[in-house]
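Trainee: sequence? don't have it. structure:
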């Protein structure tokens, strides 16, 4: 039986909260910032949780985290 390895890309992008929810950064904040207003850029700074329908797939990528 081969070892199960953690996907390093997923490990860098996702983390777990205290109640075992998966946290992620928001998209659309890398470039073209002059076109976005201040409120939108400020709200994109927040860390959000992954939807539970996608959580099962992410947990298979990170079996030991």
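Mentor: Now that the structure is in, tell me what you want to look at. Just so you know, these numbers come straight off a predicted model, no measurement behind them. Residues are numbered from 1 along each chain as shown.

Trainee: dig out what the most centrally placed residue in the chain forms beta bridges with.
Mentor: Most central in the chain under C-alpha atoms, centre = their mean is residue 24, positioned 2.4 Å from the mean C-alpha point. Beta-bridge partners recorded for residue 24 (DSSP bridges): residue 14, residue 48.

Trainee: if I read this right, it contacts residue 12, doesn't it?
Mentor: No - counting by C-beta atoms under 8 Å, residue 12 is not a contact partner of residue 24; they are 10.9 Å apart. All C-beta atoms are positioned from the backbone trio N, CA, C, and that covers glycine.

Trainee: what pLDDT, on average, does stretch 3-18 get?
Mentor: When the per-residue pLDDT values of stretch 3-18 are averaged, the result is 95.

Trainee: identify the residues contacting that stretch?
Mentor: Outside of stretch 3-18, the residues within contact range by C-beta atoms under 8 Å, 6 or more residues apart in numbering are 22, 23, 24, 25, 49, 50, 58, 61, 62, 63, 64, 65.

Trainee: dump those residues to TSV, plus pLDDT.
Mentor: Listed next are the contacts of stretch 3-18 as TSV, based on pLDDT from 0 to 100:
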residue	pLDDT
22	97
23	98
24	97
25	97
49	97
50	97
58	96
61	94
62	94
63	91
64	88
65	79
